[in-house]
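In: Provided below for reference: sequence and predicted model.
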Amino acid sequence: MIQELVALAGHLKDLGLAIEEAPETLAVANPVAATVRAVVAVDGEVYVSFGGMIVGSVDDPAAAADRIAHLLGMIQP
């Protein structure tokens, strides 16, 4: 697995999200509503998901995890 995804997976797990690891992606799901999910990949220096949306920099996996959790309905504004 890509090092940047390993770092992101740790933060996502800490936020309570369900993770399925693949060699070059993470499948991330809201455990309360498993159909609410996203696939995250690394594209250069950013994490991408939701059809190509940049969800954060690989330099800050915690912030990217927070944004993904928010988009999956785990964190309310």
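Out: Right, received. Where do you want to start?
In: Which strands and helices lie in contact with the lowest-mean-pLDDT helix or strand in the chain?
Out: The helix or strand of the chain with the lowest confidence, counting by mean pLDDT, DSSP states H and E, is strand 33-43 at a mean of 90. Strand 33-43 makes packing contacts with helix 3-14, strand 26-30, strand 46-49, helix 61-71 when contacts are defined by 3 or more C-beta pairs under 8 Å, 6 or more residues apart in numbering; DSSP states H and E. Backbone N, C-alpha and C define where each C-beta goes, glycine included.
In: got the ones you listed as JSON lines, with mean neighbour count columns?
Out: Formatted as JSON lines, the helices and strands packed on strand 33-43 follow (neighbours: other C-beta atoms under 10 Å):
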{"stretch": "helix 3-14", "mean neighbour count": "17"}
{"stretch": "strand 26-30", "mean neighbour count": "20"}
{"stretch": "strand 46-49", "mean neighbour count": "20"}
{"stretch": "helix 61-71", "mean neighbour count": "19"}
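In: got JSON lines for those, with mean pLDDT and distance to V39 too?
Out: What follows is the helices and strands packed on strand 33-43, written out as JSON lines (pLDDT from 0 to 100; distance: least, C-beta to C-beta, whole Å):
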{"stretch": "helix 3-14", "mean pLDDT": "97", "distance to V39": "11"}
{"stretch": "strand 26-30", "mean pLDDT": "95", "distance to V39": "5"}
{"stretch": "strand 46-49", "mean pLDDT": "97", "distance to V39": "6"}
{"stretch": "helix 61-71", "mean pLDDT": "95", "distance to V39": "11"}
